[in-house]
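sequence first, then the predicted structure:
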Amino acid sequence: MLDTLVSQAANGLVLGFIYVLIAVGLSITFGLLGVINFAHGAFFALGAYVAWQLFQLFGWGAVIIAPPLVGLVGMAVEVVIIRRLYGKEPLLSLIVTFALALLIEAVIRYIWGADGKPFNPPPLFSGIIELGPLLITKYRVAVLGATTATLLGLWAFLAFTPYGRILRAGSRDPEMVELLGINLPRVLTAVFGLGCMLAAIAGVLAAPLWTVSPSMAANAVMPAFVIVAIGGLGSFRGAVVAGLAVGVVTSLTIQFWPEAAAGSMYALMFAIMLLRPRGLFGERWERFE
Amino acid sequence: MLKGDLNRRSFMAASAGAAATSALGWGGPARAQSEGPVRIGMIYSKQGPGASIGEYLQRGSALAAEQAGNKVLGRPIELVWLDEPNPQVSQQNMQRLVDESKVVAVVGGNYSSSALAMMSVANREKVPLILTGAAASEITGKNCSKYTFRTQATVPVQMQGLMPYVSSIGKKVYFITASYAFGQDILRASRALLKQVGATEVGVDEVPINTADYSSYILKIRQAKPDVIVGGLVGGDFSNFLKQWNEMGMKDRIPYAAIAVTDTDFWDVGPQASTGIYIKPWYYNNPKNTAAERKMIEDFRKKYNQPPSDKTWSGWIGMRALLESIEAAKSTDAKDIVTHLEQWKNTEGEFPFFFRDWDHQLVRPAVIVQIKKQITDKWDYFDVLKNTSASAEETEKAFGAKEEIGCSLPSL
């Protein structure tokens, strides 16, 4: 019993880390731009596809190039479309990004076909690690490492660099930031690109776990939205805690109450929303109130 | 510029609205075609997780029309293809085909839930519908309809073919099935057969559809130590499971068996993760394929530079049956088409297959296949073990007698 508990909880934590990575990009785009990006999942899929394509051409090393490339695509999309949504009705950003998601999915299908693409973990990371009751695959450990590194890097960037300070300030008081002579539109383009790049990193990491198909994000994006809601909109720390909580709760429900597996994360969200409507680490932000 | 009236509540409301998009059909008087092109509708997925399956089905149906010279009754054939994203929209699209395109018949329907919704329109509008994928029993069982025909073997028929193989592997069975009509059908059918083959159930998981991660389920299966897994996961869910099953080192430990799979499930995950014994309607590299099927494979290869999947065959045979029946009926009148579909027979193989006139089920064996030990070809993943039945009598028996099926069709 205890073995089972430990093994499922550990598995849930690892799974949670993958969700965190998807959720963080979403959370940043929302927190800093105020745009609910429904196309986040499409950028996730695009990341996996670009990585697959580069892998065919140049092997494993090239996979690292995929997320920045998708980030560039995201920046282009921001300039052409997303920029027009700032300060508008949230429903508008929802509809436009939803359409964008469908468009990107169609483009992926047009370029790479409707079939999925086989993508396996690199040989270095295939195999499992068994430690007493724990069973974790080497690849998931690698994902854990990559996610942690990405999150730490992101945190350091936002907290300690001048650029990060501008981002945070811009999200709170854009007028003041512009008065200080900072080119805010360019900053916002970069933020959207950053969100898309994070989606792409998650897509690349998920590719060996989940089938690479044009609609691969459909199943992963819902947990990400739930995590953003639980953790608090725009909260980095919240996304991490909520992601891990969703992973563990889902794992344990599958073990002990499988009938409720699909609903467990929503039940968690419901409970948190009742107790703390702003989410676990949601701050009181002027413009959200 | 960032000062929108955003708040948490609008975010939540917006998130909740994500899945709620739908298409609207236009109403209009239906009118039968008597001259000009003969319009035939197709309802196959164009987007989402079913898009790849939809594409193979559509290519099969279109190929059948092409092989007929794109003509029926000397008139040009015009194919109208609409999407099958979910039951509601599939039903609306079925209505649109009838109202707007004035089709004489529809071929399509890969998912049982969509198929059941489309059947209600077919019945009301009196338009022949040939279902090319859906496997749930009730389609030709208690919900059978005079205007609906179905090519895929039912779940119980496929399970009867599979379970003897399952019990030859081991007696302790673990079920992992999708928690909707199709998966429940599998669970019901296989539990009924467990005793007969001397096996026992050591665990069951009914997995919500669109589950991305199976690691927790796989840990559970590992603890239960079964001899064999009987699966009922579909499409992308199944591919994800296979991938993670392999990732967690289970591929060579516990064998996996399932029905109603399709080639793309495996082409999508690649040779490394593919494993198991399966039942599928057809396989392109089966020595028993008929001359017409070999011609279809050849034509498909010429066009798409790869072999067809079983879905292509399903789309192809459904369209062929329809076109041949229209020719035989010498009419595009719905009643004439239905009457001639009931009489339609394919005699190209060892023994004929046909739509049974009292439930409209295609009575034809499926193939039992096993993943090759060494996959060397990009497309050829299976060794064909045998057919689910070997003679005409055996096949008819497998599909069940009238009393068991529970279908009673009204007259036209």
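Ah, there it is.

ok, the nearest residue to B:Y180 once chain neighbours are set aside - contacts?
In space, B:Y180 comes closest to B:I209 once its chain neighbours are excluded; the distance is 6.0 Å by CB to CB, 6 or more residues apart in numbering or on different chains. All C-beta spots, glycine's among them, are computed from the backbone N, C-alpha and C. Applying CB atoms under 8 Å, 6 or more residues apart in numbering or on different chains to B:I209 gives the contacts B:A178, B:S179, B:Y180, B:V234, B:D237.

surely the first one meets B:G232?
I take that to be B:A178. Yes: contact status for B:A178 versus B:G232: in contact at 5.7 Å, counting by CB atoms under 8 Å.

higher neighbour count, those two?
Using other CB atoms under 10 Å in any protein chain shown, the more surrounded residue of B:A178 and B:G232 is B:G232, with 27 against 23.

got the phi/psi numbers for the more buried one?
Per-residue torsions, B:G232: phi -150, psi 50 (degrees, to the nearest 10).

ok, then the element right after the helix or strand containing A:L54?
Per DSSP states H and E, A:L54 falls inside helix A:40-58. Moving toward the C-terminus from helix A:40-58, the next helix or strand (DSSP H and E) is helix A:66-80.

ok, and does that next one reach over to chain B?
No: judged by CB under 8 Å from any CB of the partner chain, helix A:66-80 and chain B are separated, with a smallest distance of 13.4 Å.

are any of the contacts of B:I209 buried, and which?
Neighbour-count burial within the contacts of B:I209 applies to B:A178, B:S179, B:Y180, B:V234, B:D237; the criterion is 16 or more other CB atoms under 10 Å in any protein chain shown.

between those, which is closest to B:R59?
Nearest to B:R59 out of those is B:V234 (CB to CB; 20.2 Å).

what's downstream of the longest helix seen in chain B, the next helix or strand?
The longest helix of chain B (DSSP state H) is helix B:310-329. Heading C-terminal from helix B:310-329, the first helix or strand you meet, by DSSP H and E, is helix B:334-343.

helices or strands up against the helix or strand just after that next one?
As assigned by DSSP H and E, the chain's next helix or strand after helix B:334-343 is strand B:345-346. Contact partners of strand B:345-346 among helices and strands, from 3 or more CB pairs under 8 Å, 6 or more residues apart in numbering or on different chains; DSSP states H and E: strand B:353-355.

tell me the average confidence for the strand it packs on?
When pLDDT is averaged along strand B:353-355, the result is 96.

listing partners with orientation, what would you give for it?
strand B:345-346 (antiparallel), strand B:362-363 (antiparallel) (DSSP bridges).

who touches the last one?
This means strand B:362-363. With contact meaning CB under 8 Å, 6+ apart, strand B:362-363 is reached by B:149-153, B:317, B:353-356, B:395-396, B:399.

looking at the residues you listed, which is nearest chain A?
Relative to chain A, the closest of those is B:Q152; by CB to the nearest CB it sits at 20.4 Å.

tell me who's in contact with the closest one.
The contact partners of B:Q152, by CB under 8 Å, 6+ apart, come to B:L131, B:T132, B:G133, B:A134, B:A135, B:A260, B:P281, B:S314, B:L362.

ok, now B:D237?
B:A178, B:V207, B:I209, B:N210, B:T211.

can you do 10 Å?
Contacts here follow CB atoms under 10 Å, 6 or more residues apart in numbering or on different chains; on that basis B:D237 touches A:211, A:219, B:49, B:178, B:207-212, B:214, B:231, B:265.

how about B:S137?
B:112, B:143, B:154-157, B:181-182, B:185, B:188-189, B:361, B:400, B:404-407.

hmm, try it at 8 Å
By CB under 8 Å, 6+ apart, the contact set of B:S137 is B:T154, B:V155, B:P156, B:D185, B:A189.

skipping its backbone neighbours, what lies nearest it in space?
Nearest non-adjacent residue to B:S137, counting by CB to CB, 6+ apart: B:T154, 4.9 Å away.

can you pick the most crowded of the contacts of strand B:362-363?
Of all the contacts of strand B:362-363, the highest neighbour tally under other CB under 10 Å goes to B:F149, namely 31 neighbours.

that one: what's it in contact with?
Shown in contact with B:F149 (CB under 8 Å, 6+ apart): B:P128, B:L129, B:I130, B:L131, B:A321, B:L341, B:F355, B:H360, B:L362.

of the residues you listed, which is the nearest to B:P37?
Relative to B:P37, the closest of the contacts of B:F149 is B:P128; by CB to CB it sits at 17.4 Å.

ok, the closest one touching B:T339?
No: B:P128 is not in contact with B:T339 according to CB under 8 Å; the separation is 10.1 Å.

mean confidence (pLDDT) on the particular helix or strand that has B:V384 in it, please.
In the assignment (DSSP H and E), B:V384 maps to strand B:382-387. Regarding strand B:382-387, the rounded mean pLDDT is 94.

before we move on, back to that, between the contacts of B:F149, which is closest to chain A?
Nearest to chain A among those: B:L131, at 20.9 Å, using CB to the nearest CB.

stretch A:54-62 close to chain B?
No: under the criterion of CB under 8 Å from any CB, chain B is not reached by stretch A:54-62; the shortest gap measures 12.5 Å.

let me know the pLDDT of residue 44.
Answering for chain A, as no chain was given. Note for A:F44: predicted pLDDT of 95.

nope, chain B please
96.

over to B:S314?
The confidence metric pLDDT takes the value 97 at B:S314.

and if you look at B:H340?
Looking at B:H340, its pLDDT reads 97.

for B:D333, see how far away it is.
Going from B:H340 to B:D333 by CB to CB, to the nearest Å gives 10 Å.

check B:S101 too.
According to CB to CB, B:S101 stands 17 Å off from B:D333.

from the chain's centre, how far out does the longest helix of chain B sit?
Taking CA atoms, centre = their mean, to the nearest Å, one finds the center of helix B:310-329 at 15 Å from the center of the full chain.

buried ones in that helix?
Using 16+ other CB under 10 Å as the test for burial, helix B:310-329 gives B:310-326, B:329.

report whether that helix contacts chain A.
No: figure legend: helix B:310-329 not in contact with chain A (CB under 8 Å from any CB); closest approach 11.5 Å.

helices or strands up against that helix?
On a contact count with 3+ CB pairs under 8 Å, 6+ apart, helix B:310-329 meets strand B:38-43, helix B:51-67, strand B:71-72, strand B:105-108, strand B:129-131, helix B:263-269, helix B:291-304, helix B:334-343.

per-stretch mean pLDDT over those, give me the minimum one.
Mean pLDDT is lowest for helix B:263-269 among the helices and strands packed on helix B:310-329, at a mean of 92.

ok now that helix, how far from the chain's centre?
Centroid separation for helix B:263-269 versus its chain: 15 Å, with CA atoms, centre = their mean.

quick one: name whatever helix or strand follows it.
Later in the chain than helix B:263-269, the nearest helix or strand by DSSP H and E is strand B:277-280.

for residue 139, list the residues it contacts.
Went with chain A since none was named. With contacts defined as CB under 8 Å, 6+ apart, the neighbours of A:Y139 are A:P121, A:F125, A:S126, A:P208, A:L209, B:E247.

nope, chain B
B:S112, B:A115, B:L116, B:M119, B:L131, B:T148, B:R150, B:T154.
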